[in-house]
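Asker: after the sequence you'll find the predicted model.
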Amino acid sequence: MPPAPEGAGSTARALRIGATLVLAGLAALGCRAVHLPLPWMLGPLLATAALGVAGVPVMASVRLRNLGLALIGVGLGLHFSPDVAALILRIAPAIVLGVLWALLLGYLFYRMLHRLHGGDRATCFYAAAIGGASEMALLAERAGGRVDRVAAAHSLRVLLVVTLVPLTLQAFGVHGDEASATAATAVRLPGLAALAVGAAAGVVLLQRLKAPNPWVLGPLLATLLPCAAGLELSALPPGASAFGQMALGVALGTRFTPAFAQAAPRWLAAVAAGTLAMLVVSAGYGWLLGRAAGLPAATAVLATTPGGIAEMAITAQVLQLGVPVVTAFQVVRYIAVLTLMPALFALELRLRP
């Protein structure tokens with residue numbers, strides 16, 4: 001057989017990525033037509049996940065995913081006005097309680113997984129932690145756990161959370177609150193350029209510091225700081241948020257492959273059951289915490305939901321549910337879980353040898 005022409009692989013890859021984006025866009029328009037929440041994220045996510053499990057060779061672009069995450073980070077940062085920054089400081093004790101709840105919830109989920117499924121404790125512990133998939137998989141690998149099962153558990157958890165939470169909120173007729181307004185409402189080219197430069201600098205800085213999730217946290221911090229200081233630089237152009245959601249939805253959906261569906265069905269069933277239980281108890285806890293902290297109930301529920309930063313913040317942004325509050329809860333929880341998990345696992349091994 002003659003060798004493939006040079007560049008044939010890259011051309012095929014580009015065609016697969018382009019076809020995936022077209023299908024994702026059509027799925028988003030379909031979801032929008034039937035008035036589903038988060039159509040630009042849910043449509044691409046569900047469509048690519050279904051096609052991937054069926055064996056269709058869908059593919060995501062890492063560069064487009066990173067650009068989408070950066071746009072999401074900038075969009076979230078624009079919500080942090082000086083008044084919002086003061087609000088975040090006021091509810092700091094509630095944010096700490098949210099972190100403690102996430103740690104407790106992850107531990108209970110771990111105990112459930114270990115009881116139902118057995119297996120090594122490192123795999124169960126890091127699969128149950130309410131953290132990022134790649135970060136928890138890396139920690140599990142260092143502890144001798146199974147990376148594939150940890151990654152599969154987090155992918156399934158995020159899929160269920162991103163799908164069920166917006167649909168449930170819409171079914172209950174949840175409306176937004178006044179805390180969702182952005183600091184800037186008009187597109188200004190000089191300010192937009194400053195946002196782009198700041199976002200790029202934030203990504204580079206966090207990458208050099210080897211910080212987790214630099215494509216979201218870098219642009220978020222670079223935008224948050226001037227907005228919290230009272231600077232109104234620029235709003236994002238129309239369509240930027242939709243593109244970011246679609247890029248994120250495709251990136252999440254392409255994790256699901258035939259191998260994912262066929263591997264360890266009992267394990268995935270246990271993860272699904274635990275995720276559903278966590279959603280129910282987290283909703284109750286969020287409602288109680290919202291009443292105690294003086295936050296809207298829907299905002300507090302979303303802030304304590306066991307999802308990811310980008311996914312939960314985008315849900316809050318689209319549904320207008322206190323974006324800065326949800327973002328603050330999710331970012332602080334993300335950093336705390338990532339930092340504390342190795343020490344907590346070591347403690348678990350000492351207490352339960």
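Answerer: Sure, I can see it. Numbering: from 1, shown residues only.
Asker: list the residues that contact Tyr110.
Answerer: Under the criterion of Cβ atoms under 8 Å, 6 or more residues apart in numbering, the neighbours of Tyr110 are Arg121, Cys124, Phe125, Ala127, Ala128, Ala129. For the C-beta atoms, the positions are set from N, CA and C on the backbone; glycine is no exception.
Asker: and the residue nearest to Ala133 when sequence neighbours are not counted, how many residues sit next to it?
Answerer: Among residues not flanking Ala133 along the chain, His154 sits closest, at 3.5 Å (Cβ to Cβ, 6 or more residues apart in numbering). By other Cβ atoms under 10 Å, 25 other residues sit near His154.
Asker: buried residues in the helix or strand where Val96 lies?
Answerer: For Val96, the host element (DSSP states H and E) is helix 92-117. Applying a neighbour-count criterion of 16 or more other Cβ atoms under 10 Å, one finds 94-95, 97-99, 101-103, 105-106, 109-114, 116-117 buried in helix 92-117.
Asker: same thing with stretch 21-33?
Answerer: Leu21, Leu23, Ala24, Gly25, Ala27, Ala28, Cys31.
Asker: show me what that stretch is in contact with.
Answerer: 38-40, 42-44, 46-48, 51, 58, 64, 242, 246, 249-250, 253.
Asker: any idea of the mean pLDDT for it?
Answerer: What stretch 21-33 shows for mean pLDDT is 94.
Asker: then stretch 265-278?
Answerer: Rounded mean pLDDT across stretch 265-278 is 90.
Asker: and the strands in this structure, which stretches?
Answerer: Assigned by DSSP state E, the chain shows no strands.
Asker: any stretches of the stretch 201-350 of the chain with poor pLDDT?
Answerer: 263 (pLDDT under 70).
Asker: one more time with 50, if that's ok
Answerer: The stretch 201-350 of the chain contains no residues with pLDDT under 50.
Asker: circling back to that earlier point, now, the contacts of stretch 21-33 that are in helices?
Answerer: Among those, the ones falling in helices (DSSP state H) are 39-40, 42-44, 46-48, 51, 64, 242, 246, 249-250, 253.
Asker: residue contacts, the residue nearest in space to the middle of the chain?
Answerer: For the chain, the residue nearest the mean C-alpha position is Gly308 (2.9 Å; Cα atoms, centre = their mean). By Cβ under 8 Å, 6+ apart, the contact set of Gly308 is Gly132, Val158, Val161, Gln330, Tyr334.
Asker: state the phi and psi torsions of it.
Answerer: Per-residue torsions, Gly308: phi -100, psi 170 (degrees, to the nearest 10).
Asker: reformat the buried residues of stretch 21-33 as a markdown table; add distance to Pro237.
Answerer: Formatted as a markdown table, those follow (distance: Cβ to Cβ, whole Å):
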| residue | distance to Pro237 |
| --- | --- |
| Leu21 | 19 |
| Leu23 | 24 |
| Ala24 | 20 |
| Gly25 | 18 |
| Ala27 | 23 |
| Ala28 | 18 |
| Cys31 | 22 |
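Asker: burial measure for Ser81, as a count.
Answerer: Neighbours of Ser81 (other Cβ under 10 Å): 21.
Asker: pretty sure it is touching Ala228, no?
Answerer: Yes: contact criterion Cβ atoms under 8 Å: Ser81 and Ala228 qualify, at 7.1 Å.
Asker: so what sits against both of the two?
Answerer: Counting by Cβ under 8 Å, 6+ apart, nothing touches both Ser81 and Ala228.
Asker: sorry, back to before: need the max-distance pair from the ones in helices among the contacts of stretch 21-33.
Answerer: Leu51 and Ala242 (20.6 Å; Cβ to Cβ).
Asker: what's near enough to touch Ile91?
Answerer: Ile91 neighbours (Cβ under 8 Å, 6+ apart): Ala293, Gly294, Leu295, Val325, Ala328.
Asker: between the residues you listed, which is closest to Val318?
Answerer: For these, the nearest to Val318 is Val325 (15.2 Å; Cβ to Cβ).
Asker: what is the burial count for the closest one?
Answerer: 28.
Asker: same deal with the one 3 residues further on?
Answerer: For Ala328, the number of neighbouring residues by other Cβ under 10 Å comes to 26.
Asker: residues making contact with stretch 49-59?
Answerer: 13, 16-17, 19-20, 23, 48, 159, 250, 252-258, 260-261.
Asker: quick one on the thing from earlier: which ones among the buried residues of stretch 21-33 are found in helices?
Answerer: Leu21, Leu23, Ala24, Gly25, Ala27, Ala28, Cys31.
Asker: widest-spaced pair of those residues?
Answerer: Leu21 and Cys31 (15.5 Å).
Asker: what's stretch 325-338 in contact with?
Answerer: Residues contacting stretch 325-338 (Cβ under 8 Å, 6+ apart): 76, 79, 87-88, 91, 95-96, 98-99, 102-103, 106, 129-132, 135, 179, 212-213, 217, 220, 295, 299-300, 302-304, 307-309, 312-313, 315-316.
Asker: I'm done for today, thanks for sticking with me.
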